[in-house]
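Participant: can you look at this prediction? I've put the sequence above it.
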Amino acid sequence: MLEDFKNYMIEKKLSENTYKSYMLDVNLYMNYYKDSYGEDFEKLNSIDIQSYKSYLKNIENQKPSTINRKLNALKKFNEYLVANNIQCDIVIDKRDYIKIAPNFVKKDVPEEKEINKLIYKAGESKRDTCIMILASNGGLRAEEIVTINYIISK
């Protein structure tokens, strides 16, 4: 079955890296299925997918992005099963995936030591020190600092 699945993915023009990783993920699922139920895999169903997702998350402690990648592999496998009349319906849909919150934090955020150096270098100027503290603790951008300075000086 896995060899036919590989040929199916090659026909669908998936890249070599993609179909190799999908093969690995589907094989891992089949091993999980055999270990969990004591029998060989026959077809996918929603309850088993939810159990597998829970296993990956809670037992294997895998990241949501890794779990979603494994679900992508199973979804492609599900499409193969339907296309070859081994299974009648698609059991994995977008609701099965784990939502991943976007990371809005920039990677180039200065460290606390660097911020303290800037505040120290502001020296005796209360205005500059205040601006540095406000910018660092308030997360202000340069445009916002300029606006504050403009409003204060009016």
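Facilitator: Right, received. Where do you want to start?
Participant: only C-alpha atoms from now on, for both contacts and neighbour counts.
Facilitator: OK.
Participant: mind checking the SS state of Glu124?
Facilitator: When classified by DSSP: H, G, I helix; E, B strand; the rest coil, Glu124 comes out as coil.
Participant: for it, give me its contacts.
Facilitator: Contact criterion Cα atoms under 8 Å, 6 or more residues apart in numbering gives no residues in contact with Glu124.
Participant: can I get stretch 93-100 in CSV? Just the C-alpha atoms.
Facilitator: The C-alpha trace of stretch 93-100 is given here as CSV (Å, rounded to 0.1, in the frame of the first residue of the first chain):
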residue,chain,number,x,y,z
ASP,A,93,-10.3,18.6,7.1
LYS,A,94,-9.1,22.0,8.2
ARG,A,95,-10.8,21.8,11.6
ASP,A,96,-8.4,18.9,12.5
TYR,A,97,-5.3,21.1,12.3
ILE,A,98,-4.0,23.0,15.3
LYS,A,99,-4.2,26.8,14.9
ILE,A,100,-0.9,28.4,15.3
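Participant: now that stretch: mean pLDDT?
Facilitator: Across stretch 93-100, pLDDT averages out at 86.
Participant: do stretch 4-22 as well
Facilitator: 90.
Participant: now it: buried residues?
Facilitator: Within stretch 4-22, the residues that count as buried by 16 or more other Cα atoms under 10 Å are 5-6, 8-9, 19, 22.
Participant: which residues touch it?
Facilitator: 23, 70, 72-74, 77, 80.
Participant: out of the residues you listed, who's the most crowded?
Facilitator: Counting neighbours by other Cα atoms under 10 Å, Phe77 leads the contacts of stretch 4-22 with 24 neighbours.
Participant: can I assume that residue is in contact with Val26?
Facilitator: Yes: look at Phe77 against Val26 with Cα atoms under 8 Å: they come within range, at 7.4 Å.
Participant: gap between the helix or strand that Ser21 is a member of and the chain center?
Facilitator: Per DSSP states H and E, Ser21 falls inside helix 16-37. For helix 16-37, the separation from the chain centroid amounts to 19 Å (computed by Cα atoms, centre = their mean, to the nearest Å).
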